[in-house]
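> Have a look; sequence and predicted model below, questions after that.
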There are 2 protein chains.
Amino acid sequence: MNKKTPKQYEARAKVVKALAHPSRLLMLDLLQQQEMNVRELTIEVEADQSTVSKHLAILKEVGLVEVRKEGAMSYYRVACGCLSGFFSCIEAVLQSDLKDRQESMQ
Amino acid sequence: MNKKTPKQYEARAKVVKALAHPSRLLMLDLLQQQEMNVRELTIEVEADQSTVSKHLAILKEVGLVEVRKEGAMSYYRVACGCLSGFFSCIEAVLQSDLKDRQESMQ
DNA sequence: TTAAAATATGGTAAAATTACCATATTACCA
DNA sequence: TGGTAATATGGTAATTTTACCATATTTTAA
């Protein structure tokens, strides 16, 4: 087991931070199914266009999504194949924690 | 593909937020190998004991770690088996993003 | 060339996160 | 009982994050 440096944990944390917002999780969920442009995502997220654009910049900055320009439009897509496993883990934590809470109420 | 509610994304985000800090990532890394008490973790993290205690409370709140009391000491351990897959994904994002940046410099 | 559509970005106020200090609480031991 | 060790928690200042408005930039169409 190799010892990691603080820098490495900071790099990891930066990626995790990019994932740590409800709207960005929703966008990634949508983008996993198909690429979408900013206008389409803005409708789904129900926030200001500038807000969605900034969320996308955060995801792009850490390499979670990629862009393809088509005319005036920007089509975004997920850039890594491991996200579904990622979400499964989060979901598992939520489920087991729910179970724990139910058991502790008996 | 089931449509998810805003509440569900908020619940997910809460778990991801708990993961989104360098010190907490380090602690989870350590706790994956063996359970540790607060004093031991405090030494590793190199922060105030109260700071570490609060980090642990955040991880516990969302069900990522569990505690076992032994006298005056609290031994913490990881509460889900999927974390290594989680970290592999983060690591993959970091690696591919690094590669992208290198390629774009050519 | 103007106008409109699509996206990105600067600015800013509000909210959330973070770290440390001080201190409370609990357990153990002399 | 008094003292110490281990942990948790309240308070607070500093930092970070967030959302929206206003506006800049780019592209397409009239």
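Alright, I've got the coordinates. Residues are numbered from 1 along each chain as shown, chains lettered A, B, ... in the order given.
> Now residue A:63: closest residue in space that isn't a chain neighbour?
Nearest residue to residue A:63 in three dimensions, chain neighbours excluded: residue B:97, at 2.9 Å (C-beta to C-beta, 6 or more residues apart in numbering or on different chains). In short, each C-beta sits where N, CA and C put it, glycine included.
> For the nearest residue to residue A:6 once chain neighbours are set aside, give me the backbone phi and psi.
Excluding its sequence neighbours, the residue lying closest to residue A:6 (C-beta to C-beta, 6+ apart) is residue B:22, at 6.5 Å. Backbone geometry at residue B:22, expressed as degrees, to the nearest 10, gives phi -50, psi -50.
> The residue nearest to residue A:63 is in what secondary structure piece?
helix B:83-103 (DSSP states H and E).
> ok, back up a step: return the residues in contact with the residue nearest to residue A:6.
A:6, A:9, A:10, A:12, A:13 (C-beta atoms under 8 Å, 6 or more residues apart in numbering or on different chains).
> Including pLDDT and secondary structure, could the residues you listed go into JSON lines?
Below are the contacts of residue B:22 laid out as JSON lines (pLDDT from 0 to 100; DSSP: H, G, I helix; E, B strand; the rest coil):
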{"residue": "A:6", "pLDDT": "84", "secondary structure": "helix"}
{"residue": "A:9", "pLDDT": "95", "secondary structure": "helix"}
{"residue": "A:10", "pLDDT": "96", "secondary structure": "helix"}
{"residue": "A:12", "pLDDT": "95", "secondary structure": "helix"}
{"residue": "A:13", "pLDDT": "96", "secondary structure": "helix"}
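> In ChimeraX, how would I select the buried members of the residues you listed?
In ChimeraX, the members of the contacts of residue B:22 classed as buried (16 or more other C-beta atoms under 10 Å in any protein chain shown) are selected with the following command:
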select /A:9,12,13
